[in-house]
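J.: From the sequence below, what's the structure:
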Amino acid sequence: MDTGEWLDKWLESRIVTPRTREKYSAAVAKVKEVVAFTDLADLTPELVDKATGGDPGLRSVLSMALGQAVKAGLISRNIAAVKREQRKPQEGSLYYRADRKAWVAQVTLTENGRRVVRTRFIKVDRKTKNPPDAAIKALEELKARKTNHEMLQEISTVRELVEKWLAAIRVRGPNQGEGIAPATYLQYTNSSHNQIIPMIGHVKVKDLTRVRVDQWLRDLEQSTYARANGTTLAYSANTVRLARNALRMAYKWAVHQGIVSSNVVHDSQPPGGRPRPTKYAMSEDQASRLIESSRGSNYGALWAVLITTGLRRGEALGLRWSDFDGKSITITSQIKVENGRVARGDLKTDKSRRKLVLPDYLIADLDAHRERQRLRSLKNGIPEPALIFATASGRPIHPSNVRDHFSRACKKAGIEPHEDGRPWTVHELRHTAASQLLNDRVPMQVVSRTLGHSSIVVTMDVYAHLTDQDSELAAESMARRYGSKRGD
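T.: Predicted coordinates:
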């Protein structure tokens with residue numbers, strides 16, 4: 001059979017989309033210019049090269065047609081097929097697994113005389129002709145990773161592991177979405193240098209067990225540290241928790257790198273620790289005096305927002321007028337300090353993004369605040385700020401500057417410091433909002449969503465001392481049902 005005749009039959013038998021058929025038709029027409037009247041059995045590699053002209057697309061179409069001819073028994077082999085060069089095991093491979101709906105990056109290495117296969121799955125919505133960039137990157141990462149034996153030659157102790165982990169962390173820069181926040185990296189660094197390395201940095205990586213981690217946490221709980229003024233303090237429960245989390249993340253990285261086989265820190269049980277510090281909240285009278293006495297000032301609407309909604313300081317400072325629709329506010333970002341500079345960043349958790357309906361008095365306060373801001377901008381000859389709370393020049397307010405304004409506002413409202421002489425903090429306005437909601441018996445799930453906690457468990461843990469009164473509700477409920485039936 002002539003090659004041209006067969007190509008026409010093959011093209012006619014293909015069930016493809018119109019666009020693909022058009023592509024195949026163009027390729028067949030191009031190939032037929034050279035081999036149309038050549039018998040299939042007389043095709044040679046030279047004719048194939050001449051017909052395709054080095055174009056991989058043309059060669060692919062011809063190869064599919066000749067492959068079908070082999071299956072039909074017209075020829076014995078497909079001379080247009082490109083023989084793939086055999087990869088060496090350590091070069092890795094990429095292939096698609098339909099059962100996992102994922103591309104697989106796989107590399108085979110030899111470690112201590114044993115065959116080690118490293119595999120990474122990259123989920124995709126549908127199979128593609130070529131592997132996605134993420135799969136190619138995963139394969140390169142697998143190939144670049146050193147073997148467990150090689151890594152252990154470089155990393156012997158917990159100190160070395162933690163230092164390697166810190167060096168490998170990618171820190172997010174200004175206006176960049178990848179990497180961890182600078183504040184988180186600083187937290188990891190402080191925990192590593194102050195609680196991990198001094199106490200267990202000398203321990204061999206292979207010798208650290210869950211029992212040893214538990215002992216370290218207990219020792220840490222009973223330890224003290226010296227302050228700059230010469231006094232000593234015990235580590236708080238939160239410090240112990242952060243130190244454990246830093247070590248857990250270091251070992252998680254070590255597992256990913258193939259340095260260790262399991263994360264012993266993940267399996268550890270942190271000690272109960274000291275109870276959380278008491279959460280102080282203003283009384284209803286104090287909060288009301290603060291709102292009333294500061295109404296009309298540059299920061300008055302800010303205190304009202306914090307008391308009413310329980311927003312975090314950074315969330316409130318990050319509010320834009322576009323987030324306010326006249327009835328509610330949508331929290332989408334926050335103002336934070338990164339590398340010493342004020343920056344707009346992501347929220348603390350996914351649940352922190354929320355929409356809150358505002359009471360009428362707060363809507364009126366914000367409308368009045370916007371008019372004052374407009375007049376101030378007009379006077380200063382600058383555009384109206386996009387932020388609800390901004391400096392006189394329209395720039396974001398530095399979070400640390402809010403503290404001094406808050407202290408003056410408390411003094412003006414006649415709100416005395418705490419009994420121990422400690423001044424009120426801006427964050428305690430968040431506790432004020434939470435305590436007032438819980439005292440009014442607002443459902444816990446509503447309070448949790450309002451505060452933007454990651455889960456209701458966090459709310460119950462932080463404000464457990466305020467929810468003890470819920471037992472009164474249970475007692476009153478049972479008394480209504482059965483109290484009157486009690487015999488005299």
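
J.: Flag the helix or strand of the protein with the lowest per-element mean pLDDT.
T.: Of the helices and strands making up the chain, the lowest-confidence element is helix 148-154, at a mean of 56, by mean pLDDT, DSSP states H and E.

J.: Quick check: next helix or strand after that one?
T.: Toward the C-terminus, helix 148-154 is succeeded by helix 158-168 as the next helix or strand (DSSP states H and E).

J.: From the chain's centroid, how far away is that next one?
T.: Remark: helix 158-168 is offset 22 Å from the chain centroid, using C-alpha atoms, centre = their mean, to the nearest Å.

J.: Below-threshold pLDDT in the stretch 151-300 of the chain: ranges please.
T.: Flagging of the stretch 151-300 of the chain using pLDDT under 70 yields the residue ranges 151-154, 173-178, 270-278.

J.: which residues in it form strands?
T.: 224-226, 232-234 (DSSP state E, counting those that start in this stretch).

J.: So for stretch 4-19, what gets flagged as buried?
T.: Going by neighbour count (16 or more other C-beta atoms under 10 Å), the buried part of stretch 4-19 is 4, 6-8, 10-11. Where you see a C-beta, it was placed from the backbone N, CA and C, and this is true even at glycine.

J.: Just the residues contacting it, thanks.
T.: 20-21, 24-25, 28, 31-32, 35-37, 40, 62, 64-65, 68-69, 74 (C-beta atoms under 8 Å, 6 or more residues apart in numbering).

J.: just checking, G300 touches H369?
T.: Yes: checked against C-beta atoms under 8 Å, the pair G300 and H369 is within contact range at 7.4 Å.

J.: Can I get stretch 374-382 in CSV, CA atoms only?
T.: Listed next in CSV are the C-alpha coordinates belonging to stretch 374-382 (Å, rounded to 0.1, in the frame of the first residue of the first chain):
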residue,chain,number,x,y,z
ARG,A,374,-11.2,64.2,54.1
LEU,A,375,-10.9,67.7,55.4
ARG,A,376,-7.5,67.1,56.9
SER,A,377,-6.2,65.7,53.5
LEU,A,378,-7.7,68.7,51.7
LYS,A,379,-6.0,71.1,54.1
ASN,A,380,-2.6,69.2,53.7
GLY,A,381,-3.0,69.1,49.9
ILE,A,382,-2.8,65.3,49.7
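
J.: buried ones in that stretch?
T.: Of the residues in stretch 374-382, those with enough neighbours to count as buried (16+ other C-beta under 10 Å) are 376-377.

J.: Find out how far it is from the centre of the chain, if you would.
T.: Distance, centroid of stretch 374-382 to centroid of chain: 39 Å (C-alpha atoms, centre = their mean).

J.: Please report how far the nearest residue to Y280 once chain neighbours are set aside lies from D365.
T.: Nearest-residue entry for Y280: E428, 5.4 Å, with adjacent residues in sequence omitted and distances by C-beta to C-beta, 6 or more residues apart in numbering. From E428 over to D365 the distance is 20 Å, taken as C-beta to C-beta, to the nearest Å.

J.: So for these two, which sits in the more crowded spot?
T.: Between E428 and D365, counting by other C-beta atoms under 10 Å, D365 is the more crowded of the two (23 against 18).
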